[in-house]
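Peer 1: Structure here, sequence nowhere to be found:
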């Protein structure tokens, strides 16, 4: 099932039917939601804008041996741009030497006769060389082509200072002159990027570690910085949206780096304020033009809302917010618990999006069982920390039942791995999540993870999102050395491919793959890939 | 020679070499020009904006029998637009029921899932059905395709109120949805035009005349209104520029209709303020981003600056302005006079743009001789009205010499027509301008014009601009009935073709012709075609 199908199914019917409110959730009525929305609004961070000059003019050269198929050769310093007269059919690629989220401005001057026509220009914004090295059309993807990073702009009155009105994510800008008039050409003076982020400055660089680990940390920081806007966006190129799964990893990294905890707080309040009518949090919320319900639900993301709230409390000691949002956390489990049977086994109702990873053939039954156990455990901890013992009196028994069910249905005692689904599928995901959830002992987890990683037939992750949880699973299993090696290999693979920020999708076996049918719609700065900075700076991985 | 070639030649070398200033022109130094520019600026009129709702949704139907090849069938009232959900690949044509210059705004609403992508839309603005009924690409024209009236717009955050930032000239708007996302469609609510003009209200309709003449007057008024912006533009679709040839006809019509004489005054000051270094007025000036020299020169347009100043004085009695700009008028003749030989004959230096009309094969020698005589006579009259007799003491003798030369070189006494060039070309233009200039007697003019009009081999005009001067020639020749018949036939031909405003080019024999190589770049609201309202309302033609 591809994402498009999933979204349409989920749009129609998500996470079962509405159920009667629990007493705690009853407290979270319209009044609370309005108050939470106002609180989120009041926490909107300021965006900081930094003017940046381009470094070089570059040329894309086909290079079949590289993961992204092109390398960039320097034509000359970017200072040459202001001297170059561009006419109909001419184009140039400007390299800003790193990734940023932001705007583009320039002074459009003319050469030749007095300009007697508008200039029609096409801008293509590249996060990576492929974006500007090859045509974006015909577009093969399933997602809206309105996300493709190109723009046709008509500038009527010349010379003119222009600032493009839309925000882009880019290192490269390809400029094509579609037309001026036969009598004049154009020159771009003072071409500048205006980077925007809500991050206040960069944390100090890592003082220890190998050069590779330090570079991975640097790129991870840039990734998070460029995704930190008025919320934690998933990716600044496309979607630009706050998703729970991404938020959790961004928040963890933020606590170790930018420490802008008020942005995490704002995001938690946004999810609390804009749930489905019955209180199930949305997988994502929209911020613009106004904050609102995102219309999509993901089982694992709803469960991870609670984990994210616990992480926030642990990082900030903001008990007041944790108490304020407690009814939301409790409500998630009340709703998700409807699909857990008396023996503690979660049953996929079949019309619900369970994410875990973009790996196409992944069977998610084992993983989601583990994610839910993990969420119940986190929620229990949260309740204890804020003194809501009464609300969770039945949690320990439930967790025990769910853990028993996980072992009963997914643990293969002979092979010493978790297998998922009717086909008894072996995947990294299942072992990682069971380890994180504590379903397997430390020794079992270590054996299971090693078995999966060493089995070429096991379903591997394709996203940095799931790779993060594999590393978490390894750490839970005491496999610190393997975790570090995996981080170096996987994130280092993107570094080797020339990444300035980490990507939404990276399958080392198929670096040009896209879950959307076209690599040009992939996001190459995607915040769920920023966790190396969390892992390295928290001391969890050294 | 096509326009493109002409422009390039003229860009390089225009109207001979610079010559020493005459005493009068010496007064017009940098100080005067700065003062004139400031005066022009102070006369900038206010633009009035009127919100207008569309009338119908229409569909273009091929109709080979019509001049413009398409007719518009009504699909339903425009109120249906807000209910129509448009998805990727859908399109609709909205008909505002008449022409306007202005902006477009709408509220972009969505249907389906919460909008998870921008909407990418293409708008095509049609002055006539052909603009929206057939593809604009591949474009065949010589002028910049940046003038083509289409625009791709990305709307990021939905729902959203949008006002497109560029100004367009249109009756029809074709909207195409290039993409939204698979999960949602868009609806256009409150789609509105915002018509802008500096005209303050419409003059009362003609009380007399046939229905056809009254409709011609109405369309002519709409044409002038939509070209009246902060200057008299030639056409609001393309160029959007102040040209002397167009200005003269707009000003004459304005005195009889909108009577916004300060706009004429502003335009005269703009030409005075931004001439070539030696004082030759430009054929056009640019207004935006700042008022400036147009870089192009046309012999007949420089001569007509003086006529326009005289017209202005006669319409307004504003002696102060006429005196202020008198050095400019005198300077034009000093410069143009360099190409007039001792016997009074003007010699085309060959590297100068002489316009007269867009008719491709027209020999312009006779016409330009007559235009110059007309300009010298007008300048003489102007001098007398403002008491500058000393400056024009030699004018009567010069006019006599030029008139003798005109007859000696162009009048064929046997055929009783003016013939132009080595091939002794018979054209409407030569007869008309000689009649206007008074080179031929009333009876000679009448005979010559009748001979040309009745000779199928004579070169005919292709623009309303020259048709106007043919009518002026007929009136000078006492051919009132023929003048009115020509007006009814020529401008009535555009009415029959469905014109809401009159066109830049209309060749009844080839209604799809373009001097630029592509009909889609023609302007269908072009102010030099607005003179029927002048002719009908001034009583010159009844």
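Peer 2: Looks like it arrived, so ask away. Source: prediction; values computed, not measured.
Peer 1: Residues of the stretch 51-200 of chain A that sit close to chain B?
Peer 2: A:112-114, A:116-120, A:142-147, A:151-152, A:154, A:156-160, A:166, A:178-183 (CB under 8 Å from any CB of the partner chain). Every C-beta, even on glycine, is put in place using the N, C-alpha and C of the backbone.
Peer 1: just the buried members of those?
Peer 2: A:112-114, A:116-120, A:142-147, A:151-152, A:154, A:156, A:158-160, A:178-183 (16 or more other CB atoms under 10 Å in any protein chain shown).
Peer 1: what ranges of chain A fall below the confidence cut-off?
Peer 2: A:1-28 (pLDDT under 70).
Peer 1: Report the residue ranges of every domain in it.
Peer 2: A:3-47+A:213-537, A:49-197 (automatic domain parsing).
Peer 1: circling back: give me the subset of the buried ones among the residues of the stretch 51-200 of chain A next to chain B lying in helices.
Peer 2: Using DSSP state H, no member of these falls within helices.
Peer 1: Mind checking which of those are in strands?
Peer 2: A:112, A:119, A:120, A:151, A:152, A:154, A:160, A:178, A:179 (DSSP state E).
Peer 1: For the closest residue in space to the first one that isn't next to it in sequence, which residues are in contact?
Peer 2: Meaning residue A:112. Closest residue to residue A:112 apart from its sequence neighbours, by CB to CB, 6 or more residues apart in numbering or on different chains: residue A:184 at 3.7 Å. Taking CB atoms under 8 Å, 6 or more residues apart in numbering or on different chains, we find residue A:184 in contact with A:110, A:111, A:112, A:113, A:114, A:115, A:116, A:158.
Peer 1: which two of those residues lie the greatest distance from each other?
Peer 2: Farthest-apart pair in the contacts of residue A:184 is A:111 and A:116; separation 13.4 Å (CB to CB).
Peer 1: ranges for the strands of the stretch 151-300 of chain A?
Peer 2: A:160-163, A:168-179, A:184-197, A:242-243, A:284-286, A:292-293 (DSSP state E, counting those that start in this stretch).
Peer 1: What is the longest helix of chain A by residue count?
Peer 2: helix A:365-386.
Peer 1: buried stuff in it?
Peer 2: Result for helix A:365-386 [16+ other CB under 10 Å]: buried residues A:365-383, A:386.
Peer 1: What are the buried residues along the helix or strand hosting residue A:325?
Peer 2: In this assignment (DSSP states H and E), residue A:325 forms part of helix A:319-336. Neighbour counts over helix A:319-336 (16+ other CB under 10 Å) mark A:321-322, A:324-336 as buried.
Peer 1: same thing with stretch A:189-201?
Peer 2: Neighbour-count burial for stretch A:189-201 [16+ other CB under 10 Å]: A:191, A:192, A:193, A:194, A:195, A:196, A:197, A:198, A:199.
Peer 1: got JSON lines for the residues you listed, with distance to residue B:435 too?
Peer 2: Output for the buried residues of stretch A:189-201, formatted as JSON lines (distance: CB to CB, whole Å):
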{"residue": "A:191", "distance to residue B:435": "57"}
{"residue": "A:192", "distance to residue B:435": "61"}
{"residue": "A:193", "distance to residue B:435": "64"}
{"residue": "A:194", "distance to residue B:435": "63"}
{"residue": "A:195", "distance to residue B:435": "68"}
{"residue": "A:196", "distance to residue B:435": "68"}
{"residue": "A:197", "distance to residue B:435": "73"}
{"residue": "A:198", "distance to residue B:435": "75"}
{"residue": "A:199", "distance to residue B:435": "77"}
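Peer 1: ok, of the residues you listed, which one's closest to residue A:439?
Peer 2: residue A:199 (36.8 Å).
Peer 1: Can you get me a residue count around the residue of the stretch 301-450 of chain A found nearest chain B?
Peer 2: The stretch 301-450 of chain A approaches chain B most closely through residue A:353 (12.8 Å), counting by CB to the nearest CB. Residue A:353: 20 surrounding residues under other CB atoms under 10 Å in any protein chain shown.
Peer 1: just residue A:518 next, same as before
Peer 2: 16.
Peer 1: now residue A:393
Peer 2: 9.
Peer 1: Excluding covalently adjacent residues, which one is nearest to the residue located most distally from the centre of chain A?
Peer 2: Centroid-distance maximum for chain A: residue A:113 at 49.2 Å, with CA atoms, centre = their mean. Excluding the flanking residues, the one nearest residue A:113 by CB to CB, 6+ apart is residue A:183, at 3.7 Å.
Peer 1: Likewise for residue A:214?
Peer 2: Per CB to CB, 6+ apart, closest to residue A:214 is residue A:206, 4.9 Å.
Peer 1: The one you found and residue A:537 touch, don't they?
Peer 2: Yes. Assessed by CB atoms under 8 Å, residue A:206 is found in contact with residue A:537 at 7.2 Å.
Peer 1: where do the contact lists of those two overlap?
Peer 2: Joint contacts of residue A:206 and residue A:537 (CB under 8 Å, 6+ apart) are residue A:217.
Peer 1: Let me see the ranges of the strands in the stretch 401-542 of chain A.
Peer 2: Counting by DSSP E, counting those that start in this stretch, the strands of the stretch 401-542 of chain A are A:411-412, A:417-420, A:425-426.
Peer 1: Give the other helices and strands that the last one contacts.
Peer 2: This points to strand A:425-426. strand A:417-420 (3 or more CB pairs under 8 Å, 6 or more residues apart in numbering or on different chains; DSSP states H and E).
Peer 1: and the strand it packs on, which strands flank it?
Peer 2: strand A:411-412 (antiparallel), strand A:425-426 (antiparallel) (DSSP bridges).
Peer 1: show me the contacts for residue A:400.
Peer 2: residue A:344.
Peer 1: hang on, it in a helix?
Peer 2: Yes. Residue A:400 sits within a helix when classified using DSSP: H, G, I helix; E, B strand; the rest coil.
Peer 1: From what I see, residue A:294 and residue A:284 are in contact.
Peer 2: Yes. Residue A:294 is within contact range of residue A:284, at 3.9 Å (criterion: CB under 8 Å).
Peer 1: and residue A:120, what does it touch?
Peer 2: A:152, A:153, A:154, A:177, A:178, A:179, A:180, B:144, B:145, B:146.
Peer 1: Contacts only, for the closest residue to residue A:535 other than its chain neighbours.
Peer 2: Spatial nearest neighbour of residue A:535, excluding adjacent residues (CB to CB, 6+ apart): residue A:541 at 4.0 Å. Shown in contact with residue A:541 (CB under 8 Å, 6+ apart): A:471, A:475, A:480, A:483, A:484, A:487, A:535.
Peer 1: Thanks a lot, see you next time.
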